[in-house]
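*Asks:* quick one, fold the following:
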Amino acid sequence: MTNAYLNVYASYHIVMDDDGEKFNTVVIDLIENKGYDMIIGTSYSYQFYMEPIALDYPHIKFLAISGHINHANMINGFGAIYQAKYLAGRLAGLHTKTNKFCYVAAFKDNSEVIRGLNAFLLGAKAVNPDVTMDVYTINSWSNASLEAEAFNHCVSGDPSIDIVAQHTDHSIIPERARDYGIKSIGYNSDMRIVVGETVLTSPILVWGPIYIEVVGRVLEDRWVENDQIWLNISSGIVDLAEFSIQVTEEQRDDVLMAKELMFNNSLRVFCGELVAKLNPEDGDCLTLQQLLTMDTFVDDIYIQDDVVITIKEIYLTLDGTIGKILFVLIILSLLMQIIVLVIVIIKRDHKAIKIASYKFCIITLIGSIIAIGSGFLYLGKPTLVTCVLRESCIGLGFVLIYGCIFAKTWRVYMLFIVNRLRLRTISDGYLFKYVFLVLSVQAILLTIWFSVEPPMPVMKDSPFLRDYDRYITCEGGKDYIFRTMVGIWMILITLFGCGIAFNIRKVKSNSLGEAQKIGSVIYNMLFINTVILPLMLLVELTLEIYILLICADIMWICNVTTAVVFWQRAYAALTRESEVWMESKTAATRNSNSVSNQVSFNMPS
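*Replies:* Just a heads-up that it's a prediction; the model follows:
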């Protein structure tokens, strides 16, 4: 090597394996705008994105780690990880008490994986000819859920297994092995650090040597077109991580001696009688080409069915206790709203109802029914339609309830407190225009939300679920922005109601001056949301409890609003207690005369 290495500048960029578009963007930018002379792709999938770029930029050198695609300016390279697998298998063969292994592999038709699991068992058989090995494949390099399920298959398939190994990337297998009380062999990193001393060791790759080799070829003009770089254990590219304290000194010495023999090429894995099944030529060791295309398993390896997980979708149903509780609460709440609504409609000519503008009362109660009824949309598997309807019904219900209550209260405020225009009446039709305006703003906000980023069914993980179960809930990529917009609008409506209620507090009439009732309604709404919302945001809850809290919040607010605003009027209408309302009307008239000469309140017909 030369001092030219001192002038090498390198940078690294993280791209997901399946994001070819981003890979292309990053690499082309490095070539065209940053002036890089060489690109190294460190994942098997990168070679497929790299190849067309290499063909477009023949003056740039490319290295595909663990790949197999070659061109004049694109080579690939890897380390003989099977050698470290052999040493790990040797340790497992010395350590086992039952002679039963289980091996979780990424694929069963990949030569790298086949080399590794063959070498592992050959290493074990070199010191313990009686060992056998079950193999479960997951068809993925790294998938925690599948790896966990594969481990379950291992121990349920043969409970006598006492060592499990892997050719996958996640640490979930040695973690489960530890919890189950058996030993493990990690892979790709020192999993003993993460899991503990039940990990006997881990075959690892140290990429520095191959980078030095390839960069040296570029700097020293030693580039070999269409090359396949294959470095073995003597280069330092593959090794074993530290041994567990549960590995005995004798076991350690045996493995280290075998490693030393590998260093001086006295011990070669795929040679001799044990690999006769792999068709070595004339009993010699396998060639590099045979290693790279290996597709056969040695004896005593038992390939099991692929591990397939059917993800269980979890959502609230009537089959569960929470679903039943929610259903009953919704029915009871709706019954209360409907009973009051029927009373208002039947007794609409009674003074207690009439003076409260029965049309607004009916719309308010319909709003409560819509909001409470939205709870039914949380039962069953979410769909795009139900996700949109949930938000629509809650928003529509809120505006109908509070828009109507605050509109009526605003009329009292204008007639009895302000009255600057010397108004004698403010009709229901006039107020409906404002309610419609508020409703229109709500509809516009929801339309924009559902057009840009509608809530839709998504799968979500949860610590309350098994690794491969998922909650189905409604979310959008940026729906928090639109939820915030709608929430701000609702807060503005609420603040308007607070201001109106405060200003009519001096109106001395139970029938017209409802400041105390409105204040109670708003206080109840703010208080319950102050308790419920932080609980849902700060505490990890199951989906069922989360939905129950949302719906209970809505039902509580609607039921309390109905109780405070309507129960007294409904009771008076049913019991014909008209005198109190006549007295209130008389008091209201006296109060109005003191504010404005001959001002009267418009009684709805």
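*Asks:* give me the nearest residue to the residue most central in space within the chain, chain neighbours excluded.
*Replies:* Residue closest to the mean C-alpha point of the chain, counted by C-alpha atoms, centre = their mean, is Lys460 at 4.0 Å. Using C-beta to C-beta, 6 or more residues apart in numbering and skipping residues adjacent in sequence, the residue nearest Lys460 is Tyr471, 4.7 Å away. C-beta: built from backbone N, CA, C; applies to glycine.
*Asks:* just Met16 next, same as before
*Replies:* Nearest one to Met16, counting by C-beta to C-beta, 6+ apart, is Lys22 at 7.4 Å.
*Asks:* the one you found belongs to a strand?
*Replies:* No: read with DSSP: H, G, I helix; E, B strand; the rest coil, Lys22 is helix and lies in no strand.
*Asks:* per-residue pLDDT, it?
*Replies:* Listed pLDDT for Lys22 reads 90.
*Asks:* go ahead and confirm it touches Ile14.
*Replies:* No: at 9.6 Å, Lys22 does not count as touching Ile14 under the criterion of C-beta atoms under 8 Å.
*Asks:* comparing the two, which residue is more hemmed in?
*Replies:* With neighbours defined as other C-beta atoms under 10 Å, Lys22 and Ile14 compare such that Lys22 has more, 14 against 8.
*Asks:* ranges for the helices of the stretch 201-350 of the chain?
*Replies:* Listed in chain order, the helices of the stretch 201-350 of the chain (DSSP state H, counting those that start in this stretch) span 208-219, 249-263, 288-292, 321-346.
*Asks:* tell me what the second one is packed against?
*Replies:* With contacts taken as 3 or more C-beta pairs under 8 Å, 6 or more residues apart in numbering; DSSP states H and E, helix 249-263 sits against helix 81-95, helix 111-127.
*Asks:* so what strands line up beside the following helix or strand past the shortest one?
*Replies:* Scanning forward in sequence from helix 81-95, with DSSP states H and E defining helices and strands, the next element found is strand 100-105. As defined by DSSP bridges, the strand partners of strand 100-105 come to strand 132-137 (parallel), strand 163-167 (parallel).
*Asks:* and these as JSON lines, adding mean pLDDT and distance to Gly323?
*Replies:* Converted to JSON lines, the strands paired with strand 100-105 look like this (pLDDT from 0 to 100; distance: least, C-beta to C-beta, whole Å):
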{"stretch": "strand 132-137", "mean pLDDT": "94", "distance to Gly323": "36"}
{"stretch": "strand 163-167", "mean pLDDT": "95", "distance to Gly323": "39"}
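*Asks:* out of those, which comes closest to Ile331?
*Replies:* Checking those against Ile331 by C-beta to C-beta gives strand 132-137 as the closest, at 48.7 Å.
*Asks:* CA atoms only for that closest one, dumped as PDB, please.
*Replies:* The C-alpha trace of strand 132-137 is given here as PDB (Å, rounded to 0.1, in the frame of the first residue of the first chain):
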ATOM      1  CA  THR A 132     -28.400 -33.500  13.900                       C
ATOM      2  CA  MET A 133     -30.000 -30.200  13.000                       C
ATOM      3  CA  ASP A 134     -33.500 -29.000  12.100                       C
ATOM      4  CA  VAL A 135     -33.600 -25.900   9.800                       C
ATOM      5  CA  TYR A 136     -36.500 -23.400   9.600                       C
ATOM      6  CA  THR A 137     -36.400 -20.700   6.900                       C
END
